[in-house]
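Enquirer: Sequence below, structure please.
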Amino acid sequence: MTTTTEALAALGTRYTPKASMAQRLSDAATGWLERRTSRRGFLVRAGVVGSALAVDSVGFVLKPGTAYAAVCGPGSSCSSGWTVFCATINNGVNACPPGSIAAGWWKADGASSCGGKARYIIDCNATCSRCGGGGGSGICSPSCWSCNCGCGPSSSCDQRKSCCNAFRYGQCHQDVAQVGGVHCRVVSCTPPWKWEKCSTAPATDNNTRDHSSAQLPAGFTAISARYIALGENGSPLGATVYGEVAVAGGRAQRYQFGRISRSTASGVFETLGEVSKRYVATGAEGGPLGFPVTGTRITKDGQGRVNGFQRGRISWHPGLGAHVLTGAIAQRYGALGGEDGPLGFPVTDSLAVPGGQTARFQRARISQRTGGAAYTTLTVLADAYDRSGAEKGPMGFPVSDEEHVLTDGRVSRFEHGRVSFSPSTGAFWMSREIAAKYIEVGAESSSLGFPVTDETLTRMWPWHSAANPTVRMVRFQHGSITYDPRTRSATVQQG
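Expert: Predicted coordinates for the structure are as follows:
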């Protein structure tokens, strides 16, 4: 009898007791393949080897070259009589394909792919659509079935029958009296009556415990445990799409409507819907956001969705879209309550501007000069800042958060200017020289009061040039300040 050690030696690897069995098996199998195929072929085969080792590590190594059989389990040929898995013929999606419905189920106890618990297999039967829906009850004529009898693709180990078996267990969609043959099979660790229109009437066939497909997730992992906890096929993620993949720093699994990512540093978390789409578009785990550190959360208004990541966040709201915030801006936004706070939802991503970055929100703006702190400009003060040109304008970046003045006034200070607000006047901006003069005379507490206009050009000289530049002015409740660049002086006029 060949021992595991002898099998490893035959594959060309040295047996070292300090190495884990899984590591020795993996090194041996992939090394054996690499020496016998092209690099491209090796990468393809190595993926199958990884699945084979996860399902039947010792069995695969003792019988090298049978990786596909180890993945798909017994009875994987078309002649076996079993039905193909839906993932094999449905682009990796573990769900009933169009033109079929869940019509019955059975279970197999003690499945390793479900952490030792029961595994449920759901038959997706064809509809009788080619005969206008069939009529009557039971199994309609094969000529009426929405699919044609055949075998799984030759490129897969799962070459079982497709749309051949005229059979129905009958616990699902009993409102549909007549169906066609079994198109394909779906697998789940969650009882089908929890996510499909099925009864709890039991059926068991433990012979199918190890049936699988190379297009299905292999083994029971932290990602599959999270997926099961969320409701599996009946969760907002929908069905799995192919199996888990290795990503830089961890693992990931794709689903119909989202993704689950895992790393040692961040844990195991899902991204859903539009948030997930935007996450993938940024590069997912290998992009600027890194791994998720929260699941997708519903915001207090019941409409928005948000995910936290290692280096930022993604927020989504109907009509506003999904926006990416990174770095200090994301941290500042989160500290202020995020989507449920006074700033509302983001309406832009974090955007690079000369000297720093910025993001606009429904009721605010956050700006950060490179290497500095991130500051918030709120509501109408943010609108006034936008009118000035914001970070690219004459006032530059904010140097503090909004401050309260007098009874009900508010002020935002900038590198080269100021925005002042009162409920009776509104919010208006002024840049360096006029702002300095305004502060010199007492600002909002002075006899001038609050500004009632933005900084404007008072007149254009016909001979306007560098030698004759334009005069600027801000009007206030009780006067004005004018700055003449020719004399480099600011003048206060009362009244």
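Enquirer: Where do the domain boundaries of this structure fall?
Expert: 4-71, 78-232, 276-372 (automatic domain parsing).
Enquirer: Gly267 is nearest to which of the ones you listed?
Expert: Nearest to Gly267 among the domains of the chain is domain 276-372; the distance by Cβ to Cβ comes to 7.0 Å. (Glycine included, C-beta is placed from N, CA and C.)
Enquirer: measure the closest one end to end?
Expert: Between the start and the finish of domain 276-372 there is a gap of 31 Å, counting by Cα to Cα, to the nearest Å.
Enquirer: For that domain, what does the pLDDT average out to?
Expert: For domain 276-372, mean pLDDT rounds to 97.
Enquirer: any chance of the domains of the chain in CSV, with distance to Gly479 and mean neighbour count too?
Expert: Converted to CSV, the domains of the chain look like this (distance: least, Cβ to Cβ, whole Å; neighbours: other Cβ atoms under 10 Å):
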stretch, distance to Gly479, mean neighbour count
domain 4-71, 76, 17
domain 78-232, 64, 20
domain 276-372, 29, 19
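Enquirer: JSON lines for those, including distance to Ala436?
Expert: As requested, those are arranged in JSON lines below (distance: least, Cβ to Cβ, whole Å):
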{"stretch": "domain 4-71", "distance to Ala436": "66"}
{"stretch": "domain 78-232", "distance to Ala436": "58"}
{"stretch": "domain 276-372", "distance to Ala436": "20"}
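Enquirer: who are the neighbours in contact with the nearest residue in space to Gly312 that is not next to it in sequence?
Expert: Counting by Cβ to Cβ, 6 or more residues apart in numbering, the nearest residue to Gly312 once its immediate chain neighbours are dropped is Thr326, at 3.8 Å. Contacts for Thr326 (Cβ atoms under 8 Å, 6 or more residues apart in numbering) come out as Pro288, Leu289, Arg311, Gly312, Ser350.
Enquirer: from the residues you listed, which is closest to Thr456?
Expert: For Thr456, the nearest member of the contacts of Thr326 is Ser350. The distance, counting by Cβ to Cβ, is 31.6 Å.
Enquirer: Does that closest one touch Ala330 like I think?
Expert: Yes. The pair Ser350 / Ala330 is scored as a contact, 7.0 Å apart, by Cβ atoms under 8 Å.
Enquirer: Of the contacts of Thr326, which belong to helices?
Expert: For the contacts of Thr326, not one is inside helices, with DSSP state H as the criterion.
Enquirer: Nearest to Gly116 among those residues?
Expert: Out of the contacts of Thr326, the one with the shortest distance to Gly116 is Leu289. That distance is 35.0 Å, counting by Cβ to Cβ.
Enquirer: Any figure for the gap between that closest one and Gly393?
Expert: Spatial separation of Leu289 from Gly393 under the definition Cβ to Cβ, to the nearest Å is 30 Å.
Enquirer: picking up where we left off before, ramachandran coordinates for the residue nearest to Gly312?
Expert: Comment: the main-chain dihedrals of Thr326 come out as phi -130, psi 160, following degrees, to the nearest 10.
Enquirer: sorry, back to before: looking at the domains of the chain, spot the one closest to Thr240.
Expert: domain 78-232 (4.6 Å).
Enquirer: That closest one - what's its average pLDDT?
Expert: Across domain 78-232, pLDDT averages out at 95.
Enquirer: roughly how far out does that domain sit from the chain middle?
Expert: Here domain 78-232 is found 28 Å from its chain centre; the criterion is Cα atoms, centre = their mean, to the nearest Å.
Enquirer: before we move on, what about stretch 355-365?
Expert: On the basis of Cα atoms, centre = their mean, stretch 355-365 is displaced by 23 Å from the centre of the chain it belongs to.
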